[in-house]
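Student: here is a sequence with its predicted model. Questions after.
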There are 2 protein chains.
Amino acid sequence: MTDTVVFLLGKLGQLATNRFADRLAPLGLRPRHCGVLELLRVAPMAQLDLARRLDVAASVIVDMLDQLEAVGAVRRTRDVADRRRQLVELTPEGESLCRQAAHLARRVDAELLATLEPGHAASARDVLGRLAVAHGIPTDAAAGPR
Amino acid sequence: MTDTVVFLLGKLGQLATNRFADRLAPLGLRPRHCGVLELLRVAPMAQLDLARRLDVAASVIVDMLDQLEAVGAVRRTRDVADRRRQLVELTPEGESLCRQAAHLARRVDAELLATLEPGHAASARDVLGRLAVAHGIPTDAAAGPR
């Protein structure tokens, strides 16, 4: 069973996420926070829209936003167009944390792929991007190699 | 950040593991139980050796063995060579569950790779196996394609 894709993806996903979590910890962030930060970098959003986009329960989003607010990364505001509606927006500190997190992610990537030959590393990025697209995981990988 | 290997592996690993967990649930198994069953299929082992091989805390192994004993998959016995030593062995029911789990894993694999072209599917197996070997994840994938 240890040669199946489901086993390998599970183990490698855990290993990669744990390593990223270790690097993010000093910033007060966890890997799952990054998806929130990336979405908010585009535009402020309502809590429920965030939950829908990230496919998590509303209560999970509330917890994550509390944690992100505690590190000063996000701020809850009123929608100027509809004062009853609450929006979440990234703070300048949040922008900075998002950039730092992206930098750490790329360093973990370099480590994960370090022992592969360049051709295999490129192939890893390519097939993981294809698999993500095939399974509806929102990714920029489809935009092509970088 | 969504085009990084760490993000893609994390998301795909979670998706694959969740799907496998759904399929295993009717058997009373969880994905993490499979590693225990696979090790015991080779030979009976002491609890502590299992914990070491799977790189988990002894308390985690005790919980998993309790769960596996509850579904009749394993049995704790005394080592005939050293009566003070307790061994864990697979039961015939455990053998059967292990085979069924392996079958389900291969079905999930087929689904995960279904939308990829054959060349990309082979490439996915290849690079995941290489990454696992590079990061010390015990896998049969290095034995070659099958």
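Tutor: Received it, and whenever you're ready, just let me know what you need.

Student: could you double-check that A:G94 lies in contact with A:L39?
Tutor: No: with contacts counted by CB atoms under 8 Å, A:G94 stays clear of A:L39, the gap being 11.5 Å. Every residue, glycine included, has its C-beta placed from N, CA and C.

Student: not counting its neighbours along the chain, what's nearest the closest residue to chain B within chain A?
Tutor: Minimum separation of chain A from chain B (CB to the nearest CB) falls at A:G13, amounting to 1.8 Å. Excluding the flanking residues, the one nearest A:G13 by CB to CB, 6 or more residues apart in numbering or on different chains is B:G13, at 1.8 Å.

Student: what about that neighbour, neighbour count?
Tutor: When neighbours are defined as other CB atoms under 10 Å in any protein chain shown, B:G13 has 22 of them.

Student: for A:R85, same thing?
Tutor: A:R85: 13 neighbours (other CB under 10 Å).

Student: now the helix or strand harbouring the residue of chain A closest to chain B, how far from the chain's geometric center?
Tutor: Using DSSP states H and E, A:G13 sits within helix A:5-24. Centroid displacement of helix A:5-24 relative to its chain, using CA atoms, centre = their mean, to the nearest Å, is 13 Å.

Student: next helix or strand past it?
Tutor: Taking DSSP H and E, what comes next after helix A:5-24 is helix A:31-42.

Student: so what does the helix or strand where A:V60 lies touch, helix or strand wise?
Tutor: According to DSSP H and E, A:V60 maps onto helix A:58-70. On a contact count with 3 or more CB pairs under 8 Å, 6 or more residues apart in numbering or on different chains; DSSP states H and E, helix A:58-70 meets helix A:31-42, helix A:47-54, strand A:74-78.

Student: go again with 10 Å.
Tutor: For helix A:58-70, the packing partners by 3 or more CB pairs under 10 Å, 6 or more residues apart in numbering or on different chains; DSSP states H and E come out as helix A:31-42, helix A:47-54, strand A:74-78, strand A:86-90, helix A:92-113.

Student: so A:G119, which of the three states?
Tutor: Three-state assignment for A:G119 (DSSP: H, G, I helix; E, B strand; the rest coil): helix.

Student: who's in contact with it?
Tutor: Residues near A:G119 by CB atoms under 10 Å, 6 or more residues apart in numbering or on different chains: B:V127.

Student: and with 6 Å instead?
Tutor: Under the criterion of CB atoms under 6 Å, 6 or more residues apart in numbering or on different chains, A:G119 has no neighbours.

Student: any idea of the mean pLDDT in stretch A:26-45?
Tutor: Stretch A:26-45 shows a mean pLDDT of 94 in the predicted model.

Student: and for stretch A:116-123?
Tutor: 92.

Student: quick one: buried residues of it?
Tutor: Buried residues in stretch A:116-123, counted by 16 or more other CB atoms under 10 Å in any protein chain shown: A:116, A:120-121, A:123.
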